[in-house]
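Undergrad: Prediction below, plus the sequence it came from.
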Amino acid sequence: MRIVALGAALSLALAAQAQPERINPDNVGRLGVVWTYDTHESTEPLRPGTDRPAFEATPAYSNGRLYLSTPGGLVIALDAETGTEIWRVDVKIRRDANYSDFASRGVTVADDLIYAATVDARLVCLNRRDGSFCAAFGTGGQVDLTRGLRRKPDYTGEYGVTSPPAVYRDLVIVGSNVADNSRVRMASGEVRAFDRRSGALRWTFHPLPEAANAGAANTWSRITVDEANGLVFLPTGSPSPDYFGGLRPGDNRQANSIVALRAATGEVAWSFQTVHHDLWDYDVASPPLLFPGMDGAAVAVGSKTGHLFLFDRLTGRPLFPVRERPVPASDIKGESASATQPFSDHPATLVPQRITEADIWAATPQERDACLATFRALRHEGAFTPPSIRGSLVSPGNIGGLHWGGMAWDATTRRIIAPVNRLPAIVRLLPVTDFDRERRAKPDEEITEQRGSPFSMSRRFFLSPSGIPCVAPPWGELVAIDADTGQTAWRTTLGDLREILKLTSTTPTGAPNLGGPITTATGLVFIGATIDPHFRAFETQTGRQLWEARLPTSARATPLQFTTEGGREMIAIAVGGHDTPLSKPGTTLVVFGLRR
């Protein structure tokens with residue numbers, strides 16, 4: 001009996017040793033870089049004055065390989081254990097273009113195929129084994145997404161795709177990225193489903209009526225698929241142009257909405273508009289998050305406004321009351337701003353929507369005086385203050401609030417984890433006759449024409465003369481929301497700009513951020529996203545930061561956790577930098593694992 005018992009104990013011990021070590025709060029401090037891979041793609045703009053390419057891809061893992069894409073049209077397969085390149089395909093995007101969002105956030109792997117969508121508006125199918133084009137898909141493995149549009153783009157770069165396609169059974173579903181603020185009747189923002197094998201069009205969803213005097217309302221962020229219930233969830237953006245709606249009266253439904261479609265047919269199951277008659281570029285940029293509600297399947301929808309709405313996934317019934325509240329009227333002739341906007345009782349808005357003089361902050365008294373003078377000259381009446389000729393302070397600004405990095409679900413604590421920005425913007429409407437003069441006078445300010453409307457647009461962040469935000473830190477946070485009560489479980493500062501800005505503050509400042517979090521089953525949240533060059537891990541239960549690693553530059557992307565075929569847990573993050581003087585561009589994928 002003793003020999004048998006000893007043998008059993010030894011077997012259990014050996015089995016425990018054979019189990020791969022999982023990354024958890026106790027050992028996260030042992031994380032280190034396992035391998036890196038540099039795409040060596042150029043980070044220079046295609047033409048002077050245009051956007052730099054942004055490496056924002058979240059890799060896809062399948063059968064021992066990582067697959068990723070680059071803004072310049074590369075699709076790459078890597079050995080997940082070592083980072084060795086297996087194949088590399090250039091799908092050759094057009095170089096004679098002005099891409100308004102020069103990015104690619106990843107590819108989609110389905111069975112033996114890879115689907116990528118490009119900034120020059122193509123849907124591409126590749127064979128997973130060797131990267132060759134799928135001969136039976138479209139024409140030579142590609143579908144031209146500009147064909148069949150209700151309203152075509154004016155120029156190459158006005159219309160394209162920056163997010164990975166979605167897959168539902170035998171369909172590949174793709175939205176589009178439409179440039180902001182160029183003209184009134186921008187390219188149309190259809191979402192379309194194509195046959196996964198042939199590339200044949202199967203259905204089309206139009207977010208705006210055919211007669212609408214507007215374009216866009218496009219789905220440029222990730223489409224979320226609910227395979228079990230046969231639904232796809234679209235986060236739709238603003239109708240064009242963003243900042244003047246006098247030529248597109250009404251609510252412009254189903255722009256700025258969460259739209260649930262029946263995946264097989266494209267038929268609308270339900271929808272909810274987060275912003276009526278948008279005048280602030282308040283897209284639903286955050287991908288809808290599926291989670292198990294207390295009474296059935298649920299979905300969370302985050303807006304650039306900082307609002308987080310929770311719904312029954314099948315019916316669209318809000319899980320907490322949503323109320324229409326009065327908001328400020330426009331003072332622009334011809335503009336009819338919506339008299340009310342939707343506010344959820346729970347959760348409360350995740351970021352400030354009203355700025356007062358007490359919130360004005362700067363590194364020196366002189367800088368604060370300059371910020372106060374700017375603040376006092378602006379129109380600001382809290383949430384949804386419309387753009388004005390004198391200039392309006394818009395809080396949160398056009399990057400959000402909640403942004404395209406999205407949210408993560410933690411099943412153990414039943415919490416939604418979301419990164420947010422607390423960075424107001426200044427928006428001015430300029431009579432169209434002043435457009436050329438203003439653009440020449442302020443070359444560093446974003447000034448766009450909004451062609452066809454009586455007003456062009458100027459926007460910039462609310463910064464001091466030295467380029468530091470004029471509102472008190474934190475400028476970025478990570479927030480945990482209890483999904484069952486709608487209450488904030490914790491919030492913590494995300495990022496730190498003290499070193500970069502040479503500030504003497506004794507507490508972290510938080511940082512503007514773009515990129516999402518992931519959670520682990522062991523109780524961790526991993527996120528890059530911030531302008532400062534760090535990758536961080538937080539404890540899901542408390543929000544306490546447990547670990548950080550310095551990166552070659554900042555990581556404007558969502559990480560991926562995966563387990564290799566050899567059983568090793570790793571975490572990959574694309575380190576592409578932010579398009580700002582505070583963060584240089586980059587082209588490196590960095591992969592972490594526990595040091596052995």
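TA: Thanks, I have it. Numbers count the residues shown, from 1 in each chain.

Undergrad: Not counting sequence-adjacent ones, nearest residue to residue 179?
TA: Distance criterion C-beta to C-beta, 6 or more residues apart in numbering; nearest residue to residue 179, sequence neighbours excluded, is residue 100 at 3.6 Å. From N, CA and C alone the C-beta is placed, and that goes for glycine too.

Undergrad: Output the below-cut-off pLDDT ranges for the protein.
TA: 1-18 (pLDDT under 70).

Undergrad: What segments of it are helices?
TA: Listed in chain order, the helices of the chain (DSSP state H) span 2-18, 365-377, 435-441, 498-501.

Undergrad: before we move on, the earlier item: let me see the contact set for the residue nearest to residue 179.
TA: Residue 100 makes contact with 51, 157, 158, 177, 179, 180, according to C-beta atoms under 8 Å, 6 or more residues apart in numbering.

Undergrad: wait, what's in contact with the residue nearest to the third one when sequence neighbours are not counted?
TA: Spelled out, that is residue 158. Nearest non-adjacent residue to residue 158, counting by C-beta to C-beta, 6+ apart: residue 179, 4.8 Å away. Going by C-beta under 8 Å, 6+ apart, residue 179 touches 100, 101, 157, 158, 159, 186.

Undergrad: The fourth one and residue 180 touch, don't they?
TA: To tie it back to what came earlier, the one meant is residue 158. No - the pair residue 158 / residue 180 is not scored as a contact, 10.1 Å apart, by C-beta atoms under 8 Å.

Undergrad: circling back to that earlier point, need the phi and psi values for the residue nearest to residue 179.
TA: Dihedral pair for residue 100: phi -70, psi -30, per degrees, to the nearest 10.

Undergrad: any idea how far it is from residue 50?
TA: Per C-beta to C-beta, to the nearest Å, residue 100 is found 9 Å from residue 50.

Undergrad: In TSV, list the contacts of residue 100 along with distance to residue 305.
TA: Formatted as TSV, the contacts of residue 100 follow (distance: C-beta to C-beta, whole Å):
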residue	distance to residue 305
51	25
157	28
158	26
177	21
179	22
180	17
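
Undergrad: Counting neighbours, which of these comes out on top?
TA: With neighbours taken as other C-beta atoms under 10 Å, the top of the contacts of residue 100 is residue 177, carrying 28 neighbours.

Undergrad: Go ahead and confirm that residue touches residue 157.
TA: No - using C-beta under 8 Å, residue 177 is not in contact with residue 157, being 9.7 Å away.

Undergrad: Need the overlap of contacts for those two.
TA: Shared contacts of residue 177 and residue 157, counting by C-beta under 8 Å, 6+ apart, come down to 100, 119.

Undergrad: Show me which of the contacts of residue 179 is closest to residue 443.
TA: The closest of the contacts of residue 179 to residue 443 turns out to be residue 100 (C-beta to C-beta; 18.0 Å).

Undergrad: hmm, back to that, tell me the two of the contacts of residue 100 that are most distant?
TA: Across those (C-beta to C-beta), the longest gap, 13.0 Å, separates 51 and 158.

Undergrad: how many other residues sit next to residue 443?
TA: Applying other C-beta under 10 Å, we find 8 residues neighbouring residue 443.

Undergrad: Quickly note the distance from it to residue 271.
TA: 41 Å.

Undergrad: And residue 358, by the same measure?
TA: From residue 358 across to residue 271, the span is 39 Å (C-beta to C-beta).

Undergrad: who has more neighbours, these two?
TA: For the pair residue 358 and residue 271, the greater number of neighbours falls to residue 271 (17 against 7), based on other C-beta under 10 Å.

Undergrad: And the more buried one, how close does it get to residue 218?
TA: Separation of residue 271 from residue 218 (C-beta to C-beta) stands at 15 Å.

Undergrad: What of residue 165?
TA: For residue 165 relative to residue 218 (C-beta to C-beta), the value is 14 Å.

Undergrad: just residue 530 next, same as before
TA: Separation of residue 530 from residue 218 (C-beta to C-beta) stands at 27 Å.

Undergrad: Check residue 434 too.
TA: Residue 434 sits 29 Å away from residue 218, going by C-beta to C-beta.

Undergrad: Then residue 105?
TA: The value you get for residue 105 to residue 218, if C-beta to C-beta is used, is 15 Å.

Undergrad: do residue 476 as well
TA: 27 Å.

Undergrad: for residue 206, same thing?
TA: Applying C-beta to C-beta to residue 206 and residue 218 gives a distance of 11 Å.

Undergrad: tell me, what's touching those two both at once?
TA: Common contact partners of residue 206 and residue 218 (C-beta under 8 Å, 6+ apart): 188, 190.

Undergrad: Which one of the two is surrounded by more residues?
TA: Higher neighbour count among residue 206 and residue 218: residue 218, with 28 against 16, using other C-beta under 10 Å.

Undergrad: How about the contacts made by that one?
TA: Applying C-beta under 8 Å, 6+ apart to residue 218 gives the contacts 175, 176, 177, 178, 188, 189, 190, 191, 207, 236, 237.

Undergrad: tally of neighbours for the last one?
TA: Read it as residue 237. The tally of other residues near residue 237 (other C-beta under 10 Å) stands at 30.

Undergrad: so what's it up against?
TA: 178, 189, 216-221, 255-256, 283-285.

Undergrad: For those residues, please prepare a markdown table with the additional fields distance to residue 376.
TA: Converted to a markdown table, the contacts of residue 237 look like this (distance: C-beta to C-beta, whole Å):
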| residue | distance to residue 376 |
| --- | --- |
| 178 | 36 |
| 189 | 39 |
| 216 | 34 |
| 217 | 36 |
| 218 | 37 |
| 219 | 39 |
| 220 | 36 |
| 221 | 36 |
| 255 | 34 |
| 256 | 31 |
| 283 | 30 |
| 284 | 33 |
| 285 | 31 |
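
Undergrad: Tell me which entries of those residues lie within strands.
TA: residue 178 (DSSP state E).

Undergrad: Among the contacts of residue 237, which one lies nearest to residue 46?
TA: The closest of the contacts of residue 237, once distances to residue 46 are taken by C-beta to C-beta, is residue 178, at 18.7 Å.

Undergrad: Do a quick rundown of the strands in the stretch 151-300 of the chain.
TA: Assigned by DSSP state E, counting those that start in this stretch, the stretch 151-300 of the chain shows strands spanning 159-160, 166-168, 171-174, 177-178, 191-195, 201-205, 224-226, 231-235, 257-262, 268-273, 289-293, 296-302.

Undergrad: most tightly surrounded among these?
TA: With neighbours defined as mean count of other C-beta atoms under 10 Å, those peak in mean count at strand 159-160, which reaches a mean of 29.

Undergrad: Show me what that strand is packed up against.
TA: Counting by 3 or more C-beta pairs under 8 Å, 6 or more residues apart in numbering; DSSP states H and E, the packing neighbours recorded for strand 159-160 are strand 177-178.

Undergrad: Taking the centroid of this protein, which residue is nearest it?
TA: Central residue of the chain (C-alpha atoms, centre = their mean): residue 404, 1.2 Å from the mean position.

Undergrad: Give the burial count for the nearest residue to it once chain neighbours are set aside, as a bare number.
TA: Distance criterion C-beta to C-beta, 6+ apart; nearest residue to residue 404, sequence neighbours excluded, is residue 285 at 4.3 Å. The local packing of residue 285 (other C-beta under 10 Å) involves 24 other residues.

Undergrad: Next up, the contacts around residue 285.
TA: If a contact means C-beta under 8 Å, 6+ apart, then residue 285 has 220, 221, 235, 237, 304, 400, 402, 403, 404 as its contacts.

Undergrad: Recalculate using a threshold of 10 Å.
TA: 220-222, 235, 237, 302-304, 398-406, 514 (C-beta atoms under 10 Å, 6 or more residues apart in numbering).

Undergrad: same question, residue 559
TA: 58-59, 515-518, 526-529, 535, 571-574, 590-592.

Undergrad: now do residue 270
TA: Applying C-beta under 10 Å, 6+ apart to residue 270 gives the contacts 231, 258, 259, 260, 261, 311, 312, 313, 314, 315, 316, 317.
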